[in-house]
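K.L.:
Next input, structure requested:
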Amino acid sequence: MTRLLNGIVAFGSTLLLAVTLIGAGFAAVAIPDAATATLSRAFSGCDQPNTPFTADELASMAIAGKRYTFDDNDRVKLDAAIAEGNAAAEADGRAGTLTRESAARSLPADAISHLDDVYRVASVAKPALVIVAVLCIAGLAHVAVRIGRRALGRTLMAGGGLVLAAFCALGAWAAIDFDGLFAAFHSLFFQAGTWTFPYDSLLITLYPTAFWMGMGGIWLAVTCGLSILAVLIGFTLGHKQHD
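P.N.:
Just a heads-up that it's a prediction; the model follows:
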């Protein structure tokens with residue numbers, strides 16, 4: 001009975017570790033502002049040469065959008081950031097014939113609705129991933145104490161290897177058809193038609209395809225880096241002479 005229980009815990013810990021490693025990459029792009037700020041300054045507006053906003057204004061709005069979506073869902077702060085950018089564009093005469101109500105200068109109801117949908121998913125995902133990480137640590141501790149270091153090493157290698165295999169496949173898909181991967185990812189969480197917008201809308205200007213490719217790259221790098229570390233630690237533990 002004890003052996004069966006240990007086997008179940010070891011298997012479960014492998015799966016929990018895999019989810020935790022993926023969650024770490026998600027946390028790297030969703031929690032701090034750094035990724036959004038860096039990628040926005042590099043890519044926001046890259047496909048929209050006629051946008052009335054400067055790179056700094058777009059970055060400010062992109063960060064406000066990220067905070068609205070993943071942090072506080074504070075509409076007042078988001079509207080203030082967009083209003084500030086519009087006021088600057090108007091003062092410099094960059095706004096042209098576009099009114100503030102234009103989708104190129106504002107986030108209409110459907111765009112806000114999508115950001116709210118993302119916020120609801122993130123609000124569930126963040127605490128769930130924390131719980132998974134805690135269970136993962138508890139499971140790995142059980143494996144280390146009750147089964148042994150070599151078993152812990154095998155678990156670390158299996159969890160890290162599983163993620164690396166999955167992310168290699170996803171990376172190949174992204175390299176061949178990033179739009180297809182992006183669509184498939186969204187279809188898992190959102191209804192069709194609720195996350196597509198005109199190419200010249202402010203939402204797409206703030207977060208173009210290149211921006212999301214950069215986010216995917218950061219997520220990939222963090223998760224794969226930690227997975228490789230898990231495999232290396234697991235390999236070391238698995239080759240100890242004594243438990």
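K.L.:
how many other residues sit next to residue 145?
P.N.:
With neighbours defined by other CB atoms under 10 Å, the count for residue 145 comes to 10. Any C-beta I mention is one placed from the backbone N, CA and C, and that applies to glycine too.
K.L.:
Name the nearest residue to residue 57, ignoring sequence neighbours.
P.N.:
Closest residue to residue 57 apart from its sequence neighbours, by CB to CB, 6 or more residues apart in numbering: residue 85 at 4.0 Å.
K.L.:
and that neighbour, how many neighbours?
P.N.:
By other CB under 10 Å, the residues close to residue 85 number 22.
K.L.:
residues contacting it?
P.N.:
For residue 85, the residues meeting the contact criterion (CB atoms under 8 Å, 6 or more residues apart in numbering) are 53, 57-58, 60-61.
K.L.:
Quick check: which element contains it?
P.N.:
Assessed by DSSP states H and E, residue 85 sits inside helix 75-91.
K.L.:
Against residue 130, how distant is residue 230?
P.N.:
Going from residue 230 to residue 130 by CB to CB, to the nearest Å gives 19 Å.
K.L.:
what does residue 59 give?
P.N.:
29 Å.
K.L.:
Which of the two has more residues huddled nearby?
P.N.:
Set side by side, residue 59 and residue 130 show more neighbours around residue 59, with 22 against 13, by other CB under 10 Å.
K.L.:
Verify the stated contact: that one with residue 41.
P.N.:
Yes - using CB atoms under 8 Å as the test, residue 59 is close enough to residue 41 to be in contact (4.9 Å).
K.L.:
can you map out the helices along the chain?
P.N.:
Per DSSP state H, the chain carries helices over the ranges 2-30, 34-43, 55-70, 75-91, 109-142, 149-189, 202-206, 209-238.
K.L.:
Let's have the ones you listed in JSON lines, adding distance to residue 103 and mean pLDDT.
P.N.:
As requested, these are exported to JSON lines (distance: least, CB to CB, whole Å; pLDDT from 0 to 100):
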{"stretch": "helix 2-30", "distance to residue 103": "25", "mean pLDDT": "94"}
{"stretch": "helix 34-43", "distance to residue 103": "19", "mean pLDDT": "96"}
{"stretch": "helix 55-70", "distance to residue 103": "14", "mean pLDDT": "97"}
{"stretch": "helix 75-91", "distance to residue 103": "12", "mean pLDDT": "96"}
{"stretch": "helix 109-142", "distance to residue 103": "8", "mean pLDDT": "96"}
{"stretch": "helix 149-189", "distance to residue 103": "20", "mean pLDDT": "92"}
{"stretch": "helix 202-206", "distance to residue 103": "6", "mean pLDDT": "96"}
{"stretch": "helix 209-238", "distance to residue 103": "18", "mean pLDDT": "95"}
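K.L.:
Perfect, that will be all.
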